[in-house]
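In: one predicted model, sequence on top.
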Amino acid sequence: MPRGSGFILASLNVGKKGEAVNSLTLCWQAGGQDAEASGRRLQVLVDDQPLTAWVRDYELACDYHPFAEDFLLAADVDWYSLTSWQRSAQGQAARLILLGCRCGDVDCSQLYADTQLCGDWVLWRIGGWPQRDYRGLGPFWFEWQAYRQQVQGALESR
């Protein structure tokens, strides 16, 4: 997790400029038991750990009151970020909404990644709304070809 905050990066691979290389896994998971939580959600794992766990640990370390964020339902991915995921898979800069408020209104609160292709690497810089300082969460670096495969696979299977 964030360097210098007492967190340990799970990845031992080293890439561009000595930065740790992260792994990304995107998968669709069935929702919960109640009607609001039902439906498939796009689960985002970084270094085999759900992004929600990274965020929870970071917020606790920063003494933030935790947001009630969750992975986006398929309909929310289509509405809020499908075009951004497609642009990101093509190597274009994009803002990906990764988590949305559990109240069901993604506009209530969200966590996003601003993406940038840097040679053979994809950089994620994390931000949130309402404004919180997430600069210490990441940055995350992904190998471009593996990243593109994950994103395309998730989009094709939605």
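Out: Arrived safely, thanks for sending. Residues are numbered from 1 along each chain as shown.
In: Leu82: what's it in contact with?
Out: Under the criterion of Cβ atoms under 8 Å, 6 or more residues apart in numbering, the contact list for Leu82 reads Leu155. For glycine as for every other residue, the C-beta is placed from the backbone atoms N, C-alpha and C.
In: which helix or strand contains it?
Out: helix 82-89 (DSSP states H and E).
In: poorly predicted segments of this protein, please.
Out: 1-19, 31-38 (pLDDT under 70).
In: all strands of it, in order?
Out: Counting by DSSP state E, the chain has strands at residues 24-29, 41-46, 49-50, 69-71, 94-101, 110-118, 121-129, 140-143.
In: any chance of those strands in a markdown table, plus distance to Val77?
Out: Shown next, in a markdown table, are the strands of the chain (distance: least, Cβ to Cβ, whole Å):
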| stretch | distance to Val77 |
| --- | --- |
| strand 24-29 | 9 |
| strand 41-46 | 5 |
| strand 49-50 | 16 |
| strand 69-71 | 9 |
| strand 94-101 | 8 |
| strand 110-118 | 12 |
| strand 121-129 | 17 |
| strand 140-143 | 19 |
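In: hmm, Trp121 is touching Phe142, no?
Out: Yes - with contact defined as Cβ atoms under 8 Å, Trp121 counts as touching Phe142 (6.8 Å).
In: next, show the common contact partners of those two.
Out: Val21.
In: those two - which one has more neighbours?
Out: Phe142 (21 against 17; other Cβ atoms under 10 Å).
In: that one bridge partners, please.
Out: Beta-bridge partners recorded for Phe142 (DSSP bridges): Asn22, Val122.
In: just Val44 next, same as before
Out: Going by DSSP bridges, Val44 forms beta bridges with Leu26.
In: which ones are touching it?
Out: Val44 neighbours (Cβ under 8 Å, 6+ apart): 24-26, 50-51, 71, 98-99.
In: pull out the buried residues from stretch 73-80.
Out: When neighbours are counted by 16 or more other Cβ atoms under 10 Å, the buried residues of stretch 73-80 are found to be 73, 76-77, 80.
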